[in-house]
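Participant: Next comes the sequence, and after it the predicted model I'd like to discuss.
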Amino acid sequence: MGNIILYDSQEAAERVNGISGWIDRHGRFFGENEHAARYSGCTHIKCKECAEPTPVRGYTICDSCRTEKDVERYYAMPRVKWDGETPVYSDACDVYFYDEDELRDYLQEHDCTIDSLRLILCKENKYPEIEDDYFSEVLPDDIDDLPEELQTALDELNKVIRCLPAASWSPGKYAVECDL
């Protein structure tokens, strides 16, 4: 795992005299910004939940506490019965399932249970329609209307877009109840 250097460690940063300011352990100068020097010089911070050292990488809580919060968030979600067709997302494994067969295969292959996957019903991500103001930046200030042929083409394109299937799927707001 390498050396652990916590935020408040002497190795993370030191105050120097003469130039009056903070430098991190790499020698970078931060003036009077002690926090920036310490953050730059540390490899780990204390988890805001459990105070255990956690690597500096954009999170303020450790993996274990983050997983615990994910599980709490999942069990607080409203539940719906899965129709077996709408894609579902496994919050625990970061995997999408598009039908019951895929899900069954995964359960068998990974020797896990439905409950352990923390399944979430997915919502469609549709292609966005082109708004009428899409061209506003190139139109003169005193003109609001598009040329007729462009407006007609835009209306036809938006009709096509509305009829297209989902472009992709993403986790929604409902936990899934499933009987497999």
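Facilitator: Yep, it's here. Quick caveat: nothing in here was measured; it's all calculated off a predicted structure.
Participant: For the biggest strand by length in the chain, what is the distance to the chain centroid?
Facilitator: Determined from DSSP state E, the single longest strand within the chain is strand 168-177. How far strand 168-177 lies from its chain's middle: 14 Å, per C-alpha atoms, centre = their mean, to the nearest Å.
Participant: Relative to that strand, what are the paired strands and their orientations?
Facilitator: Paired neighbours of strand 168-177 in the sheet (DSSP bridges): strand 79-81 (parallel), strand 119-125 (antiparallel).
Participant: and these as TSV, adding mean neighbour count?
Facilitator: In this view, the C-beta of every residue, glycine as well, is placed from N, C-alpha and C. Formatted as TSV, those follow (neighbours: other C-beta atoms under 10 Å):
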stretch	mean neighbour count
strand 79-81	12
strand 119-125	19
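Participant: Quick one: closest of those strands to residue 59.
Facilitator: In terms of C-beta to C-beta, the element of these nearest to residue 59 is strand 119-125, at 21.2 Å.
Participant: Using PDB, write down the CA coordinates of that closest one.
Facilitator: C-alpha atoms of strand 119-125 as PDB (Å, rounded to 0.1, in the frame of the first residue of the first chain):
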ATOM      1  CA  LEU A 119     -31.200  -3.900  -8.900                       C
ATOM      2  CA  ILE A 120     -32.600  -0.500 -10.000                       C
ATOM      3  CA  LEU A 121     -35.200   0.000 -12.700                       C
ATOM      4  CA  CYS A 122     -33.700   1.900 -15.600                       C
ATOM      5  CA  LYS A 123     -35.200   4.900 -17.300                       C
ATOM      6  CA  GLU A 124     -34.900   5.700 -21.000                       C
ATOM      7  CA  ASN A 125     -32.500   8.300 -22.300                       C
END
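Participant: pLDDT (mean, whole number) over it?
Facilitator: The average pLDDT within strand 119-125 is 97.
Participant: C-terminal to it, what's the next element?
Facilitator: helix 148-163 (DSSP states H and E).
Participant: Report the buried residues of that next one.
Facilitator: For helix 148-163, the neighbour count (16 or more other C-beta atoms under 10 Å) marks 154, 158 as buried.
Participant: one step back: possible to save the strands paired with strand 168-177 as a markdown table with distance to residue 53?
Facilitator: As requested, the strands paired with strand 168-177 are exported to a markdown table (distance: least, C-beta to C-beta, whole Å):
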| stretch | distance to residue 53 |
| --- | --- |
| strand 79-81 | 37 |
| strand 119-125 | 31 |
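Participant: can you list the residues that contact the worst-scoring helix or strand of the chain on mean pLDDT?
Facilitator: Every helix and strand of the chain was ranked by mean pLDDT, DSSP states H and E. The lowest is strand 13-16, at a mean of 84. Applying C-beta atoms under 8 Å, 6 or more residues apart in numbering, the external contacts of strand 13-16 come out as 21-25, 30, 34, 37-38, 40-42.
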